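Enquirer: Need the 3D shape of this:
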Amino acid sequence: MSAFRKRLASRSFLPWVILPCAAGLMVALGILGVGHGGPSSANLDIRWLYLAGMYWHRGISAYAPTFSGPVDPWLREAVARYDFAYPPQIAPLCLLLAACSPACARGLMTALNIGSALILAAFSVRLAREPERRDAVLRATPAWVVPALVLGNPSTAFVIWAGQTTLIATAALVLGWYYSRRGRCLVGGLLLAVSTIKPQLSVLAILWLALERRWLVLGAAVVGILTLAAVPMIVSGPLNVLSEWAAAARAYVGGPYNVLGSRMVFGWRNVLYLAGVDAPNLLPVGILLCGVLWHFRSNLADQDVLPILVSLALLFGFTHSYDIAALAPWVPAFWRHVHTRATASLLALSLMVLVTLPNSLLEPYVHPSLLQVRVLALSVALCWLVAMSWKKRGHEHRTAPEQALSEV
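Expert: Numbering: from 1, shown residues only. Down below sits the predicted model:
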């Protein structure tokens, strides 16, 4: 009994409880589809990717398909309301899925999403560690707190269940950003090319790299995009494929889950629309704020730039509620700032829970417009992160001369 009390006092049992619970939650909600109709309703969104791959396999443009014929019953609904709007660099994933049977494709997509979630969770531990920390306990803590928050939040599970590509794009973006800023131009650029399968998430990060004049990274990203888009360019022609994609994207925003006012649309433009203000595209606002932050970049901690840019993209670009999973870089960023302060930690955790609450949990009990409280919560968290990053950077600037004097 005394040994148990010592173990309880040291809290060394927590990783063995919390991490399995987080993984179990991801499996229950993401793979088993608990609360969403069970495993048979999982991976429905990959049907459009699968169909696009079928069209490209047959030498037909996935943006203006003319092929018709018998299809698997699983694909009939997707055929009836086909509205594929991914950029051409998604082609390798589509072709890979279409090379499998529907059942195999569903399993493959689940594996890719789980692998991406695990990569994000493991890499977030590296991002959360502070090199200047020498305390072994503090250095060990993120090894279970951070990945548990990345894996266990509902947005991660929802992407796995839906068969969406947000986790894949986010993992590529986080790793691409990390390696790009450490001189690994080829690896970083190629990973960033993969992240552009969801350009709405990566656009501001790539803009930031352009402002930094990281031309080698951006050149590698362009080469990667052209390589990934080779099949669509061969099928439609390099210029035609761009015009076809642009036309498909314009048609896509008119879909039932994409129009302003939909419960699935996320961001300030949707909030304003529900409030009676039909605002234009707000991405220029996000770009403007990105430019302002760039102007004052010396006041920001470099580790916080990516989560800030992803948050801006979600708030002012065209995104869906499942794209909230792209906020995985949030976890190590906030952990670095607040993990030694109990009240701040609880507030940060509360904001994360509020932002990542799924639609299905809130809709039965609240008015649909109240789903937009997540946009407000993310805005508050973004302002808080910028303020903490600014303060920390300023503290580093103030203490550097003091440290230099002490070494003389």
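Enquirer: Local confidence estimate at the most centrally placed residue in the chain?
Expert: Nearest residue to the geometric centre of the chain (Cα atoms, centre = their mean): Ala326, 1.7 Å. Ala326 carries a pLDDT value of 94.
Enquirer: Repeat that for Lys6.
Expert: 47.
Enquirer: Same check on Ala136?
Expert: pLDDT at Ala136 comes out at 49.
Enquirer: same thing with Pro358?
Expert: On the pLDDT scale, Pro358 gets 74.
Enquirer: residues contacting it?
Expert: Pro154, Ser155, Phe158, Ser321 (Cβ atoms under 8 Å, 6 or more residues apart in numbering). C-betas here are computed from N, CA, C, even on glycine.
Enquirer: Break down the stretch 151-300 of the chain into its strands, ranges please.
Expert: 265-266 (DSSP state E, counting those that start in this stretch).
Enquirer: circling back to that earlier point, next one: the residue nearest to the centre of the chain from Val285, what distance?
Expert: Here Ala326 is placed at a distance of 19 Å from Val285 (Cβ to Cβ, to the nearest Å).
Enquirer: Gln200 and Leu315 touch, don't they?
Expert: No: Gln200 is beyond contact range of Leu315, at 11.4 Å (criterion: Cβ atoms under 8 Å).
Enquirer: And these two? Which one has more around it.
Expert: Taking other Cβ atoms under 10 Å, Gln200 and Leu315 do not tie; Leu315 has more neighbours (21 against 18).
Enquirer: The stretch 201-350 of the chain: helices as residue ranges?
Expert: If DSSP state H, counting those that start in this stretch is used as the criterion, the helices of the stretch 201-350 of the chain fall at 215-228, 230-236, 238-252, 268-274, 283-295, 305-316, 330-338, 342-356.
Enquirer: Buried residues, the second one. List them.
Expert: Going by neighbour count (16 or more other Cβ atoms under 10 Å), the buried part of helix 230-236 is Val231, Pro232, Met233, Val235, Ser236.
Enquirer: Ok, the fifth one next?
Expert: Neighbour counts over helix 283-295 (16+ other Cβ under 10 Å) mark Leu283, Val285, Gly286, Ile287, Leu289, Cys290, Leu293 as buried.
Enquirer: other SSEs contacting it?
Expert: Here helix 283-295 touches helix 199-211, helix 305-316, going by 3 or more Cβ pairs under 8 Å, 6 or more residues apart in numbering; DSSP states H and E.
Enquirer: Reformat the ones you listed as JSON lines; add distance to Leu49 and mean pLDDT.
Expert: Shown next, in JSON lines, are these (distance: least, Cβ to Cβ, whole Å; pLDDT from 0 to 100):
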{"stretch": "helix 199-211", "distance to Leu49": "16", "mean pLDDT": "95"}
{"stretch": "helix 305-316", "distance to Leu49": "22", "mean pLDDT": "96"}
